[in-house]
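[1] Using only what follows, build the 3D model:
(one chain, ligands or ions: 2)
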Amino acid sequence: MAETNKDHLVQSDDPDHPANLIPRLCKQFYSLGWVTGTGGGTSIRMDEHVYIAPSGVQKELIKPSDMFVLSYPTPKYPPSARQYIRKPHELKPSACTPLFLAAFERGAGCCIHSHSQWCVLVTLLVEKMHGKDACFEISNIEQIKGIPKGPGKGMLGFHDTLRVPIIENTPFEEDLTESLEKAMEQYPDTYAVLVRRHGIYVWGETVAKAKTQCESLDYLFQLAVEMHRLGLPWTI
Ligand SMILES: CSC[C@@H](O)[C@@H](O)C(=O)COP(=O)(O)O
Ligand SMILES: [Zn+2]
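    Ligands and ions are numbered 1, 2, ... in the order given. As a prediction, this is how the structure comes out:
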């Protein structure tokens, strides 16, 4: 039974193996308010496998044995339930799976989905100030240097303008996939897409890069909201 369910794929003594790392990251993200109330999540691609957390569960309490595994690249995109090479009983894979896969298709090694309130607030502020088609823009803040200019282009500088596209939310998470992919095409240098009234998807070539970018963006969104509250413009 153990072998048919491919348990060896989620059993490792390495603390940085995706099956151990995803639960640890989710605990950290829970304390930041990124994955509360079962929302949000994280997925990691390692070689020919993608590790996915279960759907609708408390993300800060997931165990390595709860992890779904998909072979990568997947023969069908997005994958059907049958294509998981490891499928824990009585659990469903995260509804964010097609969105995580869209990031992996663009070379990511890790994708983080955050429900941080700073992301939600910033999508509402941008809409109020500049309309639905506008993206989030910020410049002249040191933390911008935590975000890459684009694939192979180095990091943004202090005077550069960081741009993060915003897409509209949909009633079902998986229905966001098309507009997420469209935003990725429209903004080929972006490593993040905000979802209005919902949160953000942030990806990076490695787990460390995805995490650094998600932290830097969350910092900048909070700063922008607080600057706005103080009547200070967040772009110069
Ligand atoms: C609070 S429910 C949130 C979900 O609908 C969704 O937005 C989400 O981020 C998590 O989906 P899940 O399928 O549990 O991984
Ligand atoms: Zn979500």
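[2] for ligand 1, what are the nearby residues on this protein?
    Within the chain, the positions adjacent to ligand 1 are Gly37, Thr38, Gly39, Gly40, Gly41, Ser55, Gly56, Ser94, Ala95, Cys96, His113, Glu173 by C-beta under 6 Å from any ligand atom. Just so you know, the C-beta spots here come from the backbone N, C-alpha and C atoms, and that holds for glycine as well.
[3] from those, which would you call buried?
    Gly39, Gly40, Gly41, Ser55, Ser94, Ala95, Cys96, His113, Glu173 (16 or more other C-beta atoms under 10 Å).
[4] So Thr190 is in contact with Pro165, correct?
    Yes. Taking contacts as C-beta atoms under 8 Å, Thr190 lies within contact range of Pro165: 6.1 Å.
[5] Where is pLDDT lowest across the buried ones among the residues of the chain next to ligand 1?
    Within the set of those, pLDDT is lowest for Glu173 (92).
[6] And Pro15, how close does it get to Asp47?
    Separation of Pro15 from Asp47 (C-beta to C-beta, to the nearest Å) stands at 18 Å.
[7] now do Phe29
    Where Asp47 is concerned, Phe29 sits at a distance of 24 Å (C-beta to C-beta).
[8] Comparing the two, which residue is more hemmed in?
    With neighbours defined as other C-beta atoms under 10 Å, Phe29 and Asp47 compare such that Phe29 has more, 25 against 6.
[9] Now that one: phi and psi?
    Dihedral angles of Phe29 (phi, psi; degrees, to the nearest 10) stand at phi -70, psi -30.
[10] Now do the contacts for it.
    Counting by C-beta atoms under 8 Å, 6 or more residues apart in numbering, Phe29 touches Val35, Gly40, Thr42, Lys59, Glu60, Ile112, Ser114.
[11] Try it again at 6 Å.
    Each residue near Phe29 by C-beta atoms under 6 Å, 6 or more residues apart in numbering is listed here: Val35.
[12] Please report how far it lies from Val57.
    For Phe29 relative to Val57 (C-beta to C-beta), the value is 14 Å.
[13] same thing with Leu99?
    Distance, Leu99 to Val57, using C-beta to C-beta: 18 Å.
[14] Those two: who's more crowded?
    Between Leu99 and Val57, counting by other C-beta under 10 Å, Leu99 is the more crowded of the two (24 against 16).
[15] wait, Ala224 sits on Trp234?
    Yes. The criterion here is C-beta atoms under 6 Å, and Ala224 meets it with Trp234 at 4.4 Å.
[16] so of the buried ones among the residues of the chain next to ligand 1, which ones are in strands?
    In this view, these that belong to strands under DSSP state E are Gly41, His113.
[17] In JSON lines: the buried ones among the residues of the chain next to ligand 1, plus distance to Gly150.
    Listed next are those as JSON lines, based on distance: C-beta to C-beta, whole Å:
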{"residue": "Gly39", "distance to Gly150": "29"}
{"residue": "Gly40", "distance to Gly150": "25"}
{"residue": "Gly41", "distance to Gly150": "25"}
{"residue": "Ser55", "distance to Gly150": "32"}
{"residue": "Ser94", "distance to Gly150": "27"}
{"residue": "Ala95", "distance to Gly150": "29"}
{"residue": "Cys96", "distance to Gly150": "24"}
{"residue": "His113", "distance to Gly150": "21"}
{"residue": "Glu173", "distance to Gly150": "27"}
